[in-house]
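Student: give me coordinates for this.
(one chain, ligands or ions: 1)
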Amino acid sequence: MTGVVIDGKAVAARVREEVKADCISFQEQYGFAPKLIVIQVGDFGPSTIYVRNKKKACENVGIESEIWHLPDTITQEMLLEKIDQCNTDDQISGVLVQLPLPDHLDAVACRNAIDPKKDVDGFHPINTGKMIAGEESLLPCTPAGIIRLLDEYNIQTDGAHCVVVGRSHIVGKPMAALMLERNATVTVCHSHTKDLAQYTKQADILISAVGQANMITAEYVKPGAVVIDVAMNRDEQGKLCGDIKYDEVSQIASAITPVPGGVGPMTVAMLMYNCLLAARRNR
Ligand code: GUN
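Tutor: I've put the predicted structure just below:
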């Protein structure tokens, strides 16, 4: 058996088309476009690529965007001032600070300084709290994108046993919260979990966000499971791969996300979605 390959690129394109159409009506209604500010500090290589991709995605859907590229000598105080400038400018709908930050800067303080209504990453504790409480908020882009993928492929979450591997603030924890909200029974595993396979083998939906190339082999997976790979790793040959050993797991899974082309494209698409949502709510 070979599982259905979940096409994140196609779903992301659909999300972007929806956002694009709604951006046009926003513009007609209010006379200006939603606007995103991406703050990048320093020149960490991967961040430069991610930030460029976010700007390109904005251009593609009709969201105005600016990259505020700040030197890595900037002080915490000056960075907080920049964030405050975004918070108080009515023309700015969303702001994010690209992570990681240089060591001398406090990422938590920056996250908490962003107006929750403009927090398009969905990382602010106010948004985390609202998400847990089942209230309207801005959801973290990657977990929200995974929910959208599951919906697009009509994957039942109600009553399913979902095992999340990884407990980061960006993916693992919010993913668990969203699956609970969708009536799944949720198990969260992490680096201190003993006998990981014992848990993952029970998953109807297995979501891995660890960052270890090909660690989830077929022995970790129940035949027929839906397998979602959030990671973006490089194997020994330098080739892009996820946490899931795709060649063997795709043989037993009922559905699986590839790397690249699975979860990855959804993150930026959902960021566009959040920008528009924030713009609408802030009117
Ligand atoms: N660095 C890697 N992924 C992300 C993300 O989703 N948001 C931000 N702000 N920084 C990141």
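Student: quick one: neighbours of the residue of the chain found nearest the ligand, just the number.
Tutor: Residue nearest to the ligand within the chain: L99 (3.6 Å; CB to the nearest ligand atom). From N, CA and C alone the C-beta is placed, and that goes for glycine too. Burial of L99, expressed as a neighbour count using other CB atoms under 10 Å, amounts to 16.
Student: so it sits against D106, correct?
Tutor: No - the pair L99 / D106 is not scored as a contact, 11.9 Å apart, by CB atoms under 8 Å.
Student: so M78, which of the three states?
Tutor: helix (DSSP: H, G, I helix; E, B strand; the rest coil).
Student: heads up, I number from 11, so please use that
Tutor: Renumbered: residue one is now 11, and that last one reads M88.
Student: point out where the stretch 161-293 of the chain drops to low pLDDT.
Tutor: Across the stretch 161-293 of the chain, nothing is flagged by pLDDT under 70.
Student: strands of that one, start to end?
Tutor: 171-175, 195-199, 215-218, 236-239, 243-244, 250-251, 265-266 (DSSP state E, counting those that start in this stretch).
Student: what's near enough to touch K128?
Tutor: By CB atoms under 8 Å, 6 or more residues apart in numbering, K128 lies in contact with 96-97, 102-105, 288, 292.
Student: which among those end up buried?
Tutor: 96, 102-105, 288 (16 or more other CB atoms under 10 Å).
Student: and these, which of them are in helices?
Tutor: Secondary structure defined by DSSP state H assigns 96, 288 of the buried ones among the contacts of K128 to helices.
Student: need the buried ones among the contacts of K128 in JSON lines with distance to the ligand, can you?
Tutor: Shown next, in JSON lines, are these (distance: CB to the nearest ligand atom, whole Å):
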{"residue": "C96", "distance to the ligand": "13"}
{"residue": "I102", "distance to the ligand": "16"}
{"residue": "S103", "distance to the ligand": "16"}
{"residue": "G104", "distance to the ligand": "11"}
{"residue": "V105", "distance to the ligand": "10"}
{"residue": "A288", "distance to the ligand": "15"}
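Student: among the buried ones among the contacts of K128, which two are most distant?
Tutor: Within the buried ones among the contacts of K128, C96 and A288 form the most distant pair, 11.6 Å apart (CB to CB).
Student: any chance of the strands of the stretch 161-293 of the chain in TSV, plus distance to C151?
Tutor: Shown next, in TSV, are the strands of the stretch 161-293 of the chain (distance: least, CB to CB, whole Å):
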stretch	distance to C151
strand 171-175	16
strand 195-199	20
strand 215-218	15
strand 236-239	15
strand 243-244	20
strand 250-251	20
strand 265-266	21
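Student: in stretch 190-201, what's buried?
Tutor: The neighbour-count check on stretch 190-201 (16+ other CB under 10 Å) flags 192, 194, 196-199 as buried.
Student: and for the closest residue to P233 other than its chain neighbours, the neighbour number?
Tutor: Residue nearest to P233 in three dimensions, not counting chain neighbours: I262, with 4.5 Å by CB to CB, 6 or more residues apart in numbering. I262 has 17 neighbouring residues, counting by other CB under 10 Å.
Student: any stretches of the stretch 11-160 of the chain with poor pLDDT?
Tutor: Applying pLDDT under 70 to the stretch 11-160 of the chain picks out residues 11.
Student: got the residues of it near the ligand?
Tutor: Within reach of the ligand by CB under 6 Å from any ligand atom, the stretch 11-160 of the chain has these residues: 106-109, 131, 151.
Student: just the ones in strands from these, please.
Tutor: The members of those that map onto strands under DSSP state E are 106-107.
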